[in-house]
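Visitor: this is the structure alone, sequence omitted:
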């Protein structure tokens with residue numbers, strides 16, 4: 001543990017219980033905030049995100065199980081560990097807590113040394129997760145830096161992530177696959193950070209040698225992201241989004257369904273967005289013009305026919321926002 005002051009939120013409707021925990025942790029390097037019910041706890045979380053929450057189960061207004069569920073469903077707080085301190089000790093209560101997102105339990109009356117040890121263990125875990133978050137942020141910033149090099153690609157990563165997400169939802173893929181598509185949309189071209197600007201931003205056609213250099217970017221991108229375990233599911237998107245259904249792509253010349261589904265989706269929506277975006281050598285094409293080109297390329301064997309038909313259906317869907325590339329759910 002380092003010398004950083006860790007913030008702990010204690011949520012309990014009994015003031016004496018909060019005071020007891022304050023006394024127990026008085027010698028530790030913690031900043032203690034408090035709330036007396038679930039609703040008050042959420043108000044505190046809106047103002048300051050703690051490093052750990054000590055949570056009572058039975059409270060008025062909103063109980064601990066509801067608070068835990070809210071915390072874990074909020075992207076801003078989902079990684080905050082929760083220890084539930086409660087007199088409830090049946091297997092059913094613990095299962096209910098785990099399903100709500102509680103990370104650990106301590107039964108009342110509790111052992112002081114056990115409480116301190118469990119707090120320290122979960123704060124260590126929180127520190128490790130924060131380091132991973134920071135590393136991810138650096139990598140996503142690198143991806144944005146690639147995009148910023150060329151004014152004609154401004155917004156491309158976000159559009160691609162949105163369109164890929166909409167494709168995934170239109171195909172009714174599981175949520176884990178949606179996350180891979182969104183992240184893949186942002187990170188697919190991160191390897192271009194290693195390509196010289198004189199090649200990357202060249203206005204005319206590339207020579208064979210220059211194109212061979214550009215073709216290295218999927219592997220470079222994979223190498224950049226591979227050290228982070230949290231990004232490993234996205235690596236096939238980064239490495240294979242330039243593969244083509246007939247085997248004419250790179251870096252490995254994969255064919256058909258040997259190309260991962262996420263990479264097939266990203267490859268096609270990447271092409272579509274490029275066609276509908278203004279370039280130095282041409283104006284942006286209309287949706288109809290871009291789809292016509294994609295259809296011709298599909299017939300030539302470049303794109304998965306089923307994925308192309310999905311894209312075409314999505315773009316014609318009544319709830320599809322063509323400006324933001326977002327599929328708006330039915331109310």
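Guide: Arrived safely. Remember, predicted model here, so these are calculated numbers, not experimental data.
Visitor: what comes up buried for stretch 241-256?
Guide: Across stretch 241-256, burial judged by 16 or more other C-beta atoms under 10 Å covers 241, 242, 243, 244, 245, 249, 250, 254. Placement of C-beta: from N, CA and C, glycine included.
Visitor: from the residues you listed, which two are the most distant?
Guide: With C-beta to C-beta as the measure, no two of the buried residues of stretch 241-256 lie farther apart than 245 and 250, at 13.5 Å.
Visitor: how close does the nearest residue to residue 236 once chain neighbours are set aside get to residue 251?
Guide: Spatial nearest neighbour of residue 236, chain neighbours left out: residue 260 (4.2 Å); criterion: C-beta to C-beta, 6 or more residues apart in numbering. Distance of residue 260 to residue 251, given as C-beta to C-beta, to the nearest Å: 14 Å.
Visitor: repeat that for residue 187.
Guide: 16 Å.
Visitor: what does residue 42 give?
Guide: According to C-beta to C-beta, residue 42 stands 48 Å off from residue 251.
Visitor: and if you look at residue 276?
Guide: 26 Å.
Visitor: centre of the chain to stretch 232-245, how far?
Guide: 17 Å (C-alpha atoms, centre = their mean, to the nearest Å).
Visitor: an error on my part: the question was meant for stretch 249-256.
Guide: 27 Å.
Visitor: now do it: distance from first to last residue.
Guide: In stretch 249-256, first residue to last residue: 11 Å (C-alpha to C-alpha, to the nearest Å).
Visitor: identify the residues contacting residue 72.
Guide: 78, 82, 100, 101 (C-beta atoms under 8 Å, 6 or more residues apart in numbering).
Visitor: now do the same for it: helix, strand or coil?
Guide: Three-state call for residue 72 (DSSP: H, G, I helix; E, B strand; the rest coil): helix.
Visitor: per-residue pLDDT, it?
Guide: With respect to pLDDT, residue 72 scores 89.
Visitor: over to residue 331?
Guide: 54.
Visitor: one more: residue 75?
Guide: 79.
Visitor: which element is it on?
Guide: Here residue 75, judged by DSSP states H and E, is contained in no helix and no strand.
Visitor: so where is this protein shaky, pLDDT-wise?
Guide: 1-3, 128-136, 150-152, 281, 330-331 (pLDDT under 70).
Visitor: those helices in it, which residues are they?
Guide: Remark: helices assigned in the chain by DSSP state H are 15-24, 38-47, 64-73, 91-100, 112-148, 156-170, 175-187, 197-200, 208-214, 217-225, 235-240, 261-275, 287-300, 305-316.
Visitor: and of those, who's closest to residue 326?
Guide: Here helix 156-170 is closest among these (C-beta to C-beta), at 5.5 Å.
Visitor: so which elements touch that closest one?
Guide: helix 112-148, helix 175-187, helix 261-275, helix 305-316, strand 326-327 (3 or more C-beta pairs under 8 Å, 6 or more residues apart in numbering; DSSP states H and E).
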